[in-house]
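> Model the structure of this input:
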Amino acid sequence: LPEGAVLRPLEPVPVRQLYAMWRGAASRRPAIVEALRALRAACAP
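Below is the predicted model:
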């Protein structure tokens with residue numbers, strides 16, 4: 001953090017919902033498969 005900045009926890013913790021949509025025919029594209037894998041990994045509890 002920059003000098004003078006203070007880090008404090010937020011109460012209550014913010015929550016977000018994330019949705020992903022794609023065309024069914026695009027489900028085999030490596031970029032889409034990887035993006036979904038990364039999103040699932042990042043959002044896992």
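> What number of residues are in the vicinity of residue 42?
By other C-beta atoms under 10 Å, 8 other residues sit near residue 42. C-beta coordinates here come from the backbone N, C-alpha and C atoms, glycine included.
> next one: residue 37
Neighbour tally, residue 37, other C-beta under 10 Å: 10.
> Now it: which helix or strand?
For residue 37, the host element (DSSP states H and E) is helix 30-43.
> Residues touching that helix, excluding its own?
18, 20, 22, 26-27 (C-beta atoms under 8 Å, 6 or more residues apart in numbering).
> go with 10 Å
Helix 30-43 has contacts (C-beta atoms under 10 Å, 6 or more residues apart in numbering) with 16-18, 20, 22-23, 26-27, 29.
> could you dump those residues to CSV with secondary structure, neighbour count and distance to residue 43?
Formatted as CSV, the contacts of helix 30-43 follow (DSSP: H, G, I helix; E, B strand; the rest coil; neighbours: other C-beta atoms under 10 Å; distance: C-beta to C-beta, whole Å):
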residue, secondary structure, neighbour count, distance to residue 43
16, coil, 5, 9
17, coil, 5, 10
18, coil, 7, 6
20, coil, 9, 10
22, coil, 12, 17
23, coil, 8, 22
26, helix, 10, 21
27, helix, 10, 19
29, coil, 12, 21
